[in-house]
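S.K.: Any chance you can model this:
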Amino acid sequence: MIYEISPAAIFVVCCAAACLPAGEFTALCAAALIHESAHAVCAVALGYKIKGIRLTPSGVSMIFPDARSYRHAVMIAVCGPLANLATCFVSDGRLFTYSALLATVNLMPLFSLDGQTVLSGISHLLLPLSAADALCHAVGAVFTAAAWIISVYILFFSGANMAMLIFVSWLFAETMLKGG
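M.R.: Numbers count the residues shown, from 1 in each chain. So this is what the prediction gives:
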């Protein structure tokens, strides 16, 4: 099995561990573990072999062969947020908060998140290939720009921390580096 860890991800995890109270950091890690485990269980149930795990500043991802169909890609992508939503029904407090947060953020059609995979899979099932690609790129760009503007607003006008701005900036940079 391959394990890939970005140096920037180590920095993000260390900052989160240092900045969040222990109970909050533990709840965030538990919600992320539930989320990623659901992706893995779904992929294995569909017959995929997990080849590795990748840790980046935008999260953890499983490395497995490309989905054999758009339907499989959507099913695998949606399982993580659904597991987080299910966790919300059986938990409270910090785990509820971080599970709800992960589900909400991951369902947005931002580049490299589950929502973009779901949008891509559904649009490729319904539209011609070039139209689906154009739609996904446009929606992803609009949502990424909107998220960045909102994060700047939150930072400068509400006095909140920089976490969202850094996260959205990373997603944007990751997209540009991949040529998206």
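
S.K.: who does the lowest-mean-pLDDT helix or strand in the chain touch, helix- and strand-wise?
M.R.: In the chain, no helix or strand scores lower on mean pLDDT, DSSP states H and E than helix 163-177, which sits at a mean of 77. Helix 163-177 sits against helix 129-158, with contacts defined as 3 or more Cβ pairs under 8 Å, 6 or more residues apart in numbering; DSSP states H and E. From N, CA and C alone the C-beta is placed, and that goes for glycine too.

S.K.: Now the helix it packs on: buried residues?
M.R.: In terms of neighbour count (16 or more other Cβ atoms under 10 Å), helix 129-158 has its buried residues at 132, 135-136, 139-141, 143-144, 147-148, 151, 154-155.

S.K.: Now render those as a markdown table, adding pLDDT and distance to residue 22.
M.R.: Shown next, in a markdown table, are these (pLDDT from 0 to 100; distance: Cβ to Cβ, whole Å):
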| residue | pLDDT | distance to residue 22 |
| --- | --- | --- |
| 132 | 92 | 44 |
| 135 | 93 | 43 |
| 136 | 90 | 39 |
| 139 | 92 | 38 |
| 140 | 87 | 35 |
| 141 | 86 | 38 |
| 143 | 88 | 33 |
| 144 | 86 | 32 |
| 147 | 87 | 29 |
| 148 | 85 | 31 |
| 151 | 85 | 26 |
| 154 | 82 | 25 |
| 155 | 82 | 26 |
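
S.K.: need the contact list for residue 142.
M.R.: Counting by Cβ atoms under 8 Å, 6 or more residues apart in numbering, residue 142 touches no other residue.

S.K.: Strands along this structure, start to end?
M.R.: Ranges of strands in the chain, per DSSP state E, are 2-5, 52-56, 59-63.

S.K.: Can you list the buried residues in the last one?
M.R.: Within strand 59-63, the residues that qualify as buried are 59, 60, 61, 62, counting by 16+ other Cβ under 10 Å.

S.K.: Ok, the second one next?
M.R.: Buried residues in strand 52-56, counting neighbours by 16+ other Cβ under 10 Å, are found at 53, 55, 56.

S.K.: what sits opposite the last one in the beta ladder?
M.R.: Counting by DSSP bridges, residue 56 is bridged to residue 59.

S.K.: what about the closest residue to residue 95 other than its chain neighbours, neighbour count?
M.R.: Counting by Cβ to Cβ, 6 or more residues apart in numbering, residue 95 lies nearest to residue 27, which is 4.8 Å off, once chain neighbours are set aside. Each residue near residue 27 was counted by other Cβ atoms under 10 Å, and the total is 20.
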